[in-house]
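Asker: Provided below are the primary sequence and the corresponding predicted coordinates.
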Amino acid sequence: MTDTLQPDNLALDFDRTIERHDRIEPRDWMPEKYRATLVRQVAQHAHSEIIGMQPEGNWITRAPSLRRKAILLAKVQDEAGHGLYLYSACETLGVTRAELTEKLISGKQKYSSIFNYPTLSYADVGTIGWLVDGAAICNQVPLCRTSYGPYGRAMIRICKEESFHQRQGFELLMTMMSGTDEQRAMVQESVDRFWWPSLMMFGPPDAESPNTAQSMAWGIKRDTNDDLRQKFVDMSVPQAEALGVTLPDPALRWNEERGHHDFSQPDWEEFAAVVAGSGPCNAQRIAHRKRALDEGAWVREAATAFAASEAGAAHTAATGETR
Amino acid sequence: MTVQPEWPLYEIFVRGKRGLNHVHVGSLHAADDEMAVRHARDVYTRRNEGVSIWAVRADLIVASSPDEKDPLFDPAGDKVYRHPTFYDIPDNVPHM
């Protein structure tokens, strides 16, 4: 085994594993930059799931029926679960949960810009399920084959559950579209607001995405931002038709030659501003997360104290000694 | 922000249904064993994915070296005669 301890051999083993499209596992040697890139991406993904609970959680108490409330509760609980799968995957790279939480709250790590937009009407619950979770699925399905084992396995679990999220959203919108004119107008207004931020979810255009090439060479990312964005637009057009809503892009049309839809780019200056912290809800989202952390501290302390006292009691019962 | 010590990490194994092995599904932090099982139920079996959960403190797991070239596995490397395909049997011999 001594020969594999040479750094060159370790790097060669890593490169060969990537070339074979095999997976890298937590205790394997990996380049520091591979590790750092993954920590950044998986942490951002985990934070997005956790912060993503807030916009929809906003409507739980005001869901219009017990059925809708139960569905929304289940969905928001899933997002918490997704965050936990991803935090666990991230921790296998040698960072602690406390560190990740601290970096979210201090703004050193980001989350998806989409969650900095407010949910102004109940229709937004449906639109988020349809468009936002739809975009997330486009992003996440290829990540099931990502080169880092724990990340890929977390993505497989998440993708299985996301399908329910998208379908419940679409069904909610279909129900509203079969209602009154006012309800149909609510859906259209909501789609108008969420279309562009949904397109931004795939990240900046390829030409301005400096990390993409290296991430693809390492098998962390499997598709470019622009390819995924195109796929999402192509998927969404027939769904919008089935729903009876208009996507707010006058340039959106089928291009026979390309076999894809042409569409306009979102406002990338707005995207940069939201990522930099000036979105409508950035401050509110982080303040809420910090409040939940602070207000839950006594619960975590009590659980730790209880565990210690139970362990002490068990020790006494087993040995007759107190400690 | 108060910095608290991290709760121990548990690896979670779920038996999908009777007759199957427990399979590793992921990990979580918990203050104690009982909380680990409760959290595992909420995190990993929200959709009837399991009939039984094992939660194992990660620091109690004994593992082989991560290296694929670990000499631990060398003894199996040159024993092709342990595989049924090593033996040539004529095609006309049935049930073999």
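Answerer: Right, received. Where do you want to start?

Asker: just so I have it, where are all the helices in the chain?
Answerer: Looking at chain A here, since you left the chain open. Counting by DSSP state H, one finds helices in chain A at the ranges A:7-19, A:32-51, A:53-57, A:66-91, A:97-105, A:123-127, A:133-140, A:149-177, A:181-200, A:212-217, A:225-243, A:268-273, A:282-295, A:297-319.

Asker: let's do chain B instead
Answerer: Using DSSP H, helices in chain B cover B:33-44, B:74-77.

Asker: Is the shortest one in proximity to chain A?
Answerer: By that I understand helix B:74-77. No - for helix B:74-77, no contact with chain A is found by C-beta under 8 Å from any C-beta of the partner chain; the gap never falls below 10.1 Å. C-beta coordinates here come from the backbone N, C-alpha and C atoms, glycine included.

Asker: in that helix, what's buried?
Answerer: For helix B:74-77, burial by neighbour count (16 or more other C-beta atoms under 10 Å in any protein chain shown) applies to no residue.

Asker: Near A:D226, how many other residues are there?
Answerer: 17 (other C-beta atoms under 10 Å in any protein chain shown).

Asker: Would you agree A:T92 is in contact with A:P150?
Answerer: Yes - assessed by C-beta atoms under 8 Å, A:T92 is found in contact with A:P150 at 4.8 Å.

Asker: Those two: which is more packed in?
Answerer: A:P150 (24 against 18).

Asker: What pLDDT is listed against the residue most central in space within chain B?
Answerer: Central residue of chain B (C-alpha atoms, centre = their mean): B:H24, 4.3 Å from the mean position. Per-residue confidence (pLDDT) for B:H24: 96.

Asker: next one: the one 3 residues further on
Answerer: Taken from the predicted model, the pLDDT recorded for B:S27 is 95.

Asker: For it, grab the count of nearby residues.
Answerer: When counting by other C-beta under 10 Å, one arrives at 24 neighbours for B:S27.

Asker: Surely it and B:V56 touch.
Answerer: No - applying C-beta under 8 Å, one finds B:S27 not in contact with B:V56, separated by 9.5 Å.

Asker: Find residues that contact each of the two.
Answerer: B:Y10, B:E11, B:I12 (C-beta atoms under 8 Å, 6 or more residues apart in numbering or on different chains).

Asker: surely the first one meets B:A36?
Answerer: If I follow you right, that is B:Y10. Yes - with contact defined as C-beta under 8 Å, B:Y10 reaches B:A36; the gap is 4.2 Å.

Asker: measure the residue of the stretch 1-150 of chain A at minimum distance from chain B to A:M53 for me?
Answerer: Nearest residue of the stretch 1-150 of chain A to chain B (C-beta to the nearest C-beta) works out as A:R27 at 3.4 Å. From A:R27 over to A:M53 the distance is 32 Å, taken as C-beta to C-beta, to the nearest Å.
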